[in-house]
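> pasting the sequence and the predicted model now:
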Amino acid sequence: MFVKTLKAENFRNLERIELEPSEGVNIIYGENAQGKTNLLELIWLFTGFKSFRGAKDSELVRFGEDFSKTEAEFFDGRRVQKAQLVIVKKRKATLNGVEQSSPSALSAEFSAVVFSPAHLSLIKDGPAERRKFLDLALCQLSRSYQSALYSYNKILSQRARLLKDIYMRPSLEDSLDVWDEKLAEFAVFLIDKRRKYVEILSEHSKAVYEGISSGKESLKVSYSQGDFEINRKEDFVKRLRALRKEDILAGSTSVGPHRDDIKVEIDGMAARTFGSQGQQRSAAIALKLAEAEIIKEISGKSPIILLDDVLSELDISRQDYILRCLGDRQTFITCCDPYSILRSCGGKTFYVENGTLTEKSRFDIEVKPPPQCEDREI
């Protein structure tokens, strides 16, 4: 799939833009804090999910303005569609002129994979970041997973409130049985889907990582439930009851998919603990490129790739390999210095200055190279 046209009004610092990107690689370059990442964020929102930068909807509206309006015309592999997002306090989505019940409805039609320096947390931080990565990837592929995850989290919250009430009123303990049964039903579904996904993810990410490292290192990814593995609903209910006293004291549920993790190992060693910064970055990129391949494999659609200042800290051989991995997918790459990317690929180039995009030819770039970056964009 690919974006044919993109328009934005009052989005972040982008007052008004309109562009027709290449179906291949699109290089977005310029100095810091000019709007490069804002453009990737804009495209990502058409997946129906929240900002990958953690921003609230209201924070996406240009300062001093009352609303933001963005439009994307895209080819999904079968037909051309048109999506629109209007933000006042919250996002409202329209697809082909029909208002959607929720922006998340767009996820069935528009898919993308984003990688930014913040995604290094996939490897460096705790299990919560890896669960978030896993859930987001699966939600793009399955509406049933979205629904089950929502239900599980809702029941988990209700069970936590009940556990706290039981601590004060022990007579309520018997009412936990009903919630345990409901929680177990969704928990087993989520765990099963995650396990199957991670098996495929491990295979694809292993191949990508070996390419990035020129075959010198090996990556392994596996799903981890700690010391107690759950395969059936009955097992989960039994475990909940065994840990009930501890849960009542803690006021929270101590076992379940909300506690699970993904183990990422390089040559048999935990990447989080023993990996160098370069290895951790390469592992995170491998997971993201594998995610894109899985989306294509399962849905039949090649997701749009959004790379936010990803290549700057990699050597030339690793940069070249990643660019080759992108194949014929539409890709948007932000950078400060476009020279290394231009060396390896064609496509279109856009210069960003103070929220304004200008398409540049290679000749323009060679004559007037942009200033070098000093600090990361805010």
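Thanks, I have the structure now.
> and the contacts of whichever strand in the chain runs longest?
Across the chain, the longest stretch assigned as strand under DSSP state E is strand 2-11. For strand 2-11, the external contacting residues (C-beta atoms under 8 Å, 6 or more residues apart in numbering) are 14-21, 23, 38, 42-43, 60-62, 65, 67-75, 80, 87, 304, 330. For the C-beta atoms, the positions are set from N, CA and C on the backbone; glycine is no exception.
> looking at these, which are in strands?
14-19, 68-75, 80, 87, 304.
> domain assignment for this protein?
1-111+303-378, 120-300 (automatic domain parsing).
> in the protein, where is pLDDT below threshold?
By pLDDT under 70, the weakly predicted segments of the chain are 340, 343-344, 362-378.
> ok, now with 50
Along the chain, segments meeting pLDDT under 50 span 367-371, 374-378.
> show me where it has its helices.
Applying DSSP state H to the chain gives helices spanning 36-44, 121-124, 127-141, 143-168, 176-212, 233-242, 244-250, 271-274, 277-299, 316-325, 339-344, 362-367.
> may I see those organised as CSV, with distance to Tyr29 added?
CSV is the format used below for the helices of the chain (distance: least, C-beta to C-beta, whole Å):
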stretch, distance to Tyr29
helix 36-44, 7
helix 121-124, 25
helix 127-141, 27
helix 143-168, 35
helix 176-212, 23
helix 233-242, 50
helix 244-250, 50
helix 271-274, 30
helix 277-299, 20
helix 316-325, 15
helix 339-344, 9
helix 362-367, 8
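> want to try a markdown table for the ones you listed, with distance to Ala105 and mean neighbour count as columns?
A markdown table is the format used below for the helices of the chain (distance: least, C-beta to C-beta, whole Å; neighbours: other C-beta atoms under 10 Å):
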| stretch | distance to Ala105 | mean neighbour count |
| --- | --- | --- |
| helix 36-44 | 16 | 24 |
| helix 121-124 | 27 | 20 |
| helix 127-141 | 12 | 19 |
| helix 143-168 | 9 | 16 |
| helix 176-212 | 20 | 19 |
| helix 233-242 | 30 | 16 |
| helix 244-250 | 36 | 15 |
| helix 271-274 | 35 | 16 |
| helix 277-299 | 16 | 21 |
| helix 316-325 | 30 | 17 |
| helix 339-344 | 34 | 15 |
| helix 362-367 | 40 | 12 |
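> relative to Pro257, which of these is closest?
Shortest separation from Pro257 across those is recorded for helix 176-212, at 4.5 Å, computed as C-beta to C-beta.
> by contact count, what packs against the closest one?
Applying 3 or more C-beta pairs under 8 Å, 6 or more residues apart in numbering; DSSP states H and E, one finds that helix 176-212 contacts helix 127-141, helix 143-168, strand 219-224, helix 233-242, helix 277-299, helix 316-325.
> swap the cut-off to 10 Å and go again
helix 127-141, helix 143-168, strand 219-224, helix 233-242, helix 244-250, strand 261-266, helix 277-299, helix 316-325 (3 or more C-beta pairs under 10 Å, 6 or more residues apart in numbering; DSSP states H and E).
> about what we covered before: can you select the buried ones from the contacts of strand 2-11 in ChimeraX?
Applying 16 or more other C-beta atoms under 10 Å to the contacts of strand 2-11, the buried members can be selected in ChimeraX as follows:
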select :14,17,19,21,23,38,42,43,60,61,62,68,69,70,71,72,74,87,304,330
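> picking that back up, kindly reformat the helices and strands packed on helix 176-212 as TSV containing distance to Phe350.
TSV is the format used below for the helices and strands packed on helix 176-212 (distance: least, C-beta to C-beta, whole Å):
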stretch	distance to Phe350
helix 127-141	26
helix 143-168	33
strand 219-224	33
helix 233-242	51
helix 244-250	52
strand 261-266	34
helix 277-299	22
helix 316-325	18
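> of all the ones you listed, which one is nearest Glu185?
helix 233-242 (6.1 Å).
> list the helices and strands that closest one packs on?
helix 176-212.
> hey, what's the angle from the helix it packs on to helix 143-168? Just curious.
130 degrees (axes from the mean of the first three to the mean of the last three C-alpha atoms, to 10 degrees).
> just how off-centre is helix 176-212 within its chain?
Centroid separation between helix 176-212 and its chain, computed with C-alpha atoms, centre = their mean, to the nearest Å, is 16 Å.
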